[in-house]
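Participant: Structure of the sequence below:
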Amino acid sequence: MTNPPLTVACFPYDTTRPLFDGSVSTDGIDVTMETATTLPSIFERLIRRNEFDIAELGLTFYLRLLETGLPYVALPIFPNRVFRHSCIFVNIYSGITEPGDLVGKTIGEFGTYGQDSGVWAKGILMDEYGFNPEQSRWVIGGLEHPAPPFDFIPHPHPADVDVNAAPEGKTLGAMLEAGEIDALFSANVPQCVLDGSPNVTRLFPDSEPLERDYYRRTGIFPIMHAIVIRRELLQHSPGLVHDVYRAFSRAKDAAADRYRQNRRLYQVQTMVPWMNALVERNGEEFPEDWWPYGVAANRATLDAFLRYHYEQGLSTRQWRIEDVFAPELLDT
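Facilitator: This is a model prediction of the structure:
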């Protein structure tokens, strides 16, 4: 089948890099791979200008626009997954030492109330620790550079949740370090933490055992983003959805194979000490496919995110998986 040239935009993760360097075939599809310095830049270009044929998009960005009519449909391809116990940072003078201490506190969040990482962090705290977002105050802004809330997506939130923009000229990272906010839910590690600020720590300083235990109990490896494709492309080329799914799957499998094969060489392509031990430990706890695509292997994870999105007042309805993804791939 001959398809028109397509523009694909995503971040060059280890699981997508084979598409950038051409080491994985795209089944004869003529693609131009693009990326950007930040993921929100890709999201904005997609949402504002429909700039790409296929692109990575945050799940909450997609769901917020699904109700109003989005010319893209999601595929069950998930290039970005991160455990989120580790993404909650607190000022050490805030009095926050456990989740219950977040009550009455002021919490920062990047870009929007309920960014993908924030949806997961809030949802996990709600399920595991009885957290209630409406019992805290929320400040939305830029992490390291002053910025207003994203203006290219809707900003729904329950009426009883106190949400405000950060003061002009202020950044969330600096506000956290100075104690102007008590906590921060962040997809990225704040620069003050990277610089070793004594004023900031994680809510869960030893987060890895908690995240591993969470995975063992729930089977959930949190999904942040999906790949979306222009709907009109599928009307003209119905088989394209399977071609794209296979191409991304092969790229992901190639990354996994590299980790497995490089155990023989002690993962020397990374130069990270003890990387082999980490790969072996993960291999004992995860199935053979660490980052499965498709619906079946991700149903529990997707159902949790869709529930969290609704419970946090970010959707007017609780979406079903069947409503969200391309019907041609619901049997994957």
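Participant: need the strands for this protein, in chain order.
Facilitator: Using DSSP state E, the strands of the chain run over residues 6-9, 31-34, 54-58, 72-81, 88-91, 106-110, 137-141, 162-165, 183-185, 200-202, 223-230.
Participant: Could you spell out the sheet neighbours of the last one, each with its direction?
Facilitator: In the sheet containing strand 223-230, its partner strands are strand 54-58 (antiparallel), strand 72-81 (antiparallel), by DSSP bridges.
Participant: Format the ones you listed as JSON lines; extra columns: mean pLDDT.
Facilitator: Formatted as JSON lines, the strands paired with strand 223-230 follow (pLDDT from 0 to 100):
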{"stretch": "strand 54-58", "mean pLDDT": "98"}
{"stretch": "strand 72-81", "mean pLDDT": "98"}
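Participant: Single out the most deeply packed of those strands.
Facilitator: strand 54-58 (a mean of 25; mean count of other Cβ atoms under 10 Å). Every residue, glycine included, has its C-beta placed from N, CA and C.
Participant: So what touches that one?
Facilitator: 6-11, 31, 39, 42-43, 46, 72, 74, 79-80, 115-116, 224-230, 244 (Cβ atoms under 8 Å, 6 or more residues apart in numbering).
Participant: Extract the C-alpha trace of that strand and format it as CSV.
Facilitator: Extracted in CSV, the C-alpha atoms of strand 54-58 (Å, rounded to 0.1, in the frame of the first residue of the first chain):
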residue,chain,number,x,y,z
ILE,A,54,1.2,11.6,13.9
ALA,A,55,2.4,12.8,17.3
GLU,A,56,2.9,12.1,21.0
LEU,A,57,0.3,13.7,23.2
GLY,A,58,-0.3,13.7,26.9
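Participant: Next, format the strands paired with strand 223-230 as TSV and append distance to Gln191.
Facilitator: Below are the strands paired with strand 223-230 laid out as TSV (distance: least, Cβ to Cβ, whole Å):
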stretch	distance to Gln191
strand 54-58	22
strand 72-81	21
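Participant: To Ser136, which of the ones you listed lies closest?
Facilitator: Nearest to Ser136 among these is strand 54-58; the distance by Cβ to Cβ comes to 22.3 Å.
Participant: So this structure: which segments form each domain?
Facilitator: 6-81+222-329, 85-218 (automatic domain parsing).
Participant: out of the strands paired with strand 223-230, nearest to Ala326?
Facilitator: Of all the strands paired with strand 223-230, it is strand 72-81 that lies closest to Ala326, at 4.9 Å by Cβ to Cβ.
Participant: Quick one: buried ones out of the contacts of strand 54-58?
Facilitator: Using 16 or more other Cβ atoms under 10 Å as the burial test, these include 6, 8-11, 31, 39, 42-43, 46, 72, 74, 79-80, 115-116, 224-230, 244 as buried.
Participant: give me phi/psi at His145?
Facilitator: With angles defined as degrees, to the nearest 10, His145 sits at phi -130, psi 140.
Participant: Show the contacting residues for Leu330.
Facilitator: 295, 321-322.
Participant: From the residues you listed, pick the one nearest Leu143.
Facilitator: Ile321 (31.2 Å).
Participant: May I have the predicted confidence score for that closest one?
Facilitator: On pLDDT, Ile321 comes in at 98.
Participant: again with Ile29
Facilitator: Ile29 is given a pLDDT of 87.
Participant: Around it, how many other residues sit close by?
Facilitator: The local packing of Ile29 (other Cβ atoms under 10 Å) involves 20 other residues.
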